[in-house]
Structure formats: structure tokens, C-alpha cells
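J.: sharing a model that was predicted from the sequence below.
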Amino acid sequence: MKKPNSQPKNNTAGQTYRGRFAPSPSGELHFGSLLAAMASYADARAHNGQWLLRIDDIDQARVVPDSAEHIIRTLEQLGFEWDESIYYQSRHIRDYRQALNTLNEKKLTYPCFCSRKQIKTRSSNGIYPGTCRPDNQAEQTGTDKECAIRIRVPGHPLNFMDQIQGDYTQQLAQEVGDFIIYRRDKVFTYQLSIVVDEYLSNITHIIRGRDLIDSTPRQIYLQQQLGYPTPIYAHIPLAVTPQQLKLSKLSRARKVRCDLPTLVQAARFLGQDIAPDNHYQSLQDFWQHLFDIWQLKRVPKMEKIEIMY
Ligand SMILES: [Zn+2]
């Protein structure tokens, strides 16, 4: 019998390393996203792997006009070179729908008609109490009304080994609850869309910010239900201001400077033993050196790192 709480096998062994960077086009590239871009890029190249760029533009209401172009241009100016053509989530709606249909057919989903306010009054911790689960209702009411689609979560814990943060376990039922995969405003959620994206792009290694670690068990659960392989995960510490503000949340989070000192500063935040910027003739020279010395295990195992901003 399958052990319910066994770690997901990373069934990507033997495949070519494929990493990615997936910014949301909701502003300029700031120092925090540069760290995620650099860590995923350097680790891919240090493994002679491929590195892809994806624009997470599924939530069109949050897209800031021209910011995808700005991010792409900034990455180019910093000397990043991605493989293959850029993947845009907005061109994959049909793929997300197909995944949703698969989950529907497995009877894992149900419509939810609750408003945020109703959930707040019914649950003391804000976790969805399963009000609309079909087994809690004599009959489905108002299926013609606008609703979100939720997925049932299992009662057993989900666990994975993070390459930086170590062993991570989450009880989806108690800590997250049945979560939304399709929103009332007819947008596929981050959790479902990126699981499909990583699968379609054959991503084997995901390196991203520590703020996303608590989404990982939900994504592993979706991979398991959809029959997708589970990539290897590593979560880098989050760059925060001395006031503990996340850079992406700062309206004044400015665009990174496209120069060698910025790249050297980023590499040092990632714990890499990199030479000072006057050591390098060019950006290419810097990158080649970083690929040669890169070690993921040197990235600090911390939740946050403060940067002067
Ligand atoms: Zn509900």
C-alpha cells in the first residue's frame, strides 16, 4: 500500500535540467525578483541545463501595461540569456481548462458560492470550512449563479525536501483547506496555472522566493492528481527592507540598475563567493564566473534577508 505521507518522488531523474524564471508583469523588475532570476539561471547553467522565461500574465486585471516588455528588456540588459521562446500564460487558457476538466472528472472539485464575508463569519481562522462540499449539502443550490471552483484536499500531510530550506510539511486540510482553482471572475488561479505551465515546459527544478514555499504542497497535490511529475524545489530567502517590507509590495520598489555592481551585490546576497565588480571585463565575464563557482548549498537558509533600500 502507498504510504500516505511519503515524500513525492522527484520523477525527473535522468532528464535534462530545465529551470525557469516566471515574473508577473505587475511592475518593474526589482532586486527581490533579480535574486530569484539569478539563482534559477545560475543553478541551471551550473548544471549545463536549460533556463526558460515565462510571463505569468494570467490575471489580466493585475497586468501593468508594458511591464512585461520592461522586465524582458531589463533581463537582457543584465546579460540573462534564456532558451526557447518566451512562454506567456495568457496563451494557455485552453490547457488550464483541460486540467480543470480532468480534476472535475475525478470528482475532486465542487462549486463554491460563498462570499469572502460569509467565510469570515463561518471560520475563525479564515480557512475555508468546506461549506459547499457536496457531502455537506443536501442539494446543490443555484448552480447557475456565479461560483468559484474548489478542490478537495486530502487529510494526510504533504511533505517535500526543499534544496535550501530542508524538510517541509504541511497539513493541507488544517492549514489551507479546500482551495480555489478557478475564480468566480473566471480566472484560473496561480496554483493551478503554474502547475500546468511547469508540466508543459518540462521544468525539472524550481528556484523561487521563500514566500511561495507554503504554496508548494498545494502544487505537489495538484501534480499528483493530474499525473504530472514533481520537480525539485528550492526556496531562496526573501529580500526585505530593514522595516521588513517585501520589495514587491513597495510601490516605490524601483527598477534594478543594469550594471555589474548590482549583479555582484545580488550574487553576494545569494551567498556566493564572487569577486568584486572591478574584477570583470564585461557582464558575460561575470556570468561565466558565477556559473563556474555557483553552489546552491551556499544560499543562506533563512526566511528573509534585509537589504538597504
Ligand atoms: Zn462555499
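T.: That came through fine.

J.: contacting residues around D59?
T.: The neighbourhood of D59, defined by CB atoms under 8 Å, 6 or more residues apart in numbering, consists of 24, 187, 190. (Glycine included, C-beta is placed from N, CA and C.)

J.: and the biggest helix by length in the chain, what does it pack onto?
T.: Looking across the chain with DSSP state H, the single longest helix is helix 31-46. On a contact count with 3 or more CB pairs under 8 Å, 6 or more residues apart in numbering; DSSP states H and E, helix 31-46 meets strand 18-21, strand 50-55, strand 205-209, strand 232-236, strand 238-240, helix 260-269, helix 283-293.

J.: which one of the ones you listed lies closest to F31?
T.: Nearest to F31, of all those, is strand 238-240, at 5.7 Å by CB to CB.

J.: so what touches that closest one?
T.: Here strand 238-240 makes contact (CB under 8 Å, 6+ apart) with 31-32, 35, 209-211, 246-247, 269, 303-307.

J.: ok, of the contacts of D59, which one's closest to the ion?
T.: Proximity of the contacts of D59 to the ion (CB to the ion) peaks at V187, which lies at 17.6 Å.

J.: for the closest one, which non-adjacent residue is spatially closest?
T.: If the residues on either side of it in the chain are set aside, V187 comes closest to D59, at 5.7 Å by CB to CB, 6 or more residues apart in numbering.

J.: any idea how far that neighbour is from the ion?
T.: 21 Å (CB to the ion, to the nearest Å).

J.: pLDDT score assigned to that residue?
T.: Note on D59: pLDDT of 92.

J.: doesn't V195 make contact with Q219?
T.: Yes. Counting by CB atoms under 8 Å, Q219 does reach V195; the two are 5.1 Å apart.

J.: what sits up against stretch 267-278?
T.: Identification of contacts with stretch 267-278 by CB under 8 Å, 6+ apart yields 35, 38-39, 42, 236, 239, 260-261, 263-264, 286, 289-290, 293-295, 298-300, 305, 307.

J.: got the end-to-end distance for it?
T.: Stretch 267-278 has its terminal residues 15 Å apart, counting by CA to CA, to the nearest Å.

J.: could you number the chain from 763 rather than 1 from now on?
T.: Renumbered: residue one is now 763, and that last one reads stretch 1029-1040.

J.: now do it, average pLDDT.
T.: Rounded mean pLDDT across stretch 1029-1040 is 93.

J.: and if you look at stretch 945-956?
T.: Rounded mean pLDDT across stretch 945-956 is 96.

J.: cool, and stretch 880-900?
T.: pLDDT averaged over stretch 880-900 gives 85.

J.: and what of stretch 1062-1070?
T.: 82.

J.: and it, which residues are buried?
T.: Under the neighbour-count criterion of 16 or more other CB atoms under 10 Å, stretch 1062-1070 has 1066-1067, 1069 buried.

J.: same check, this time on stretch 840-858
T.: Neighbour-count burial for stretch 840-858, counted by 16+ other CB under 10 Å, picks out 840-842, 844, 849, 851, 854, 857-858.

J.: closest to the ion out of those residues?
T.: Proximity of the buried residues of stretch 840-858 to the ion (CB to the ion) peaks at Y858, which lies at 21.3 Å.

J.: isn't the closest one up against T951?
T.: No. With contacts counted by CB under 8 Å, Y858 stays clear of T951, the gap being 9.2 Å.

J.: doesn't I998 make contact with K1066?
T.: No. Counting by CB under 8 Å, K1066 stays clear of I998, with 10.4 Å between them.
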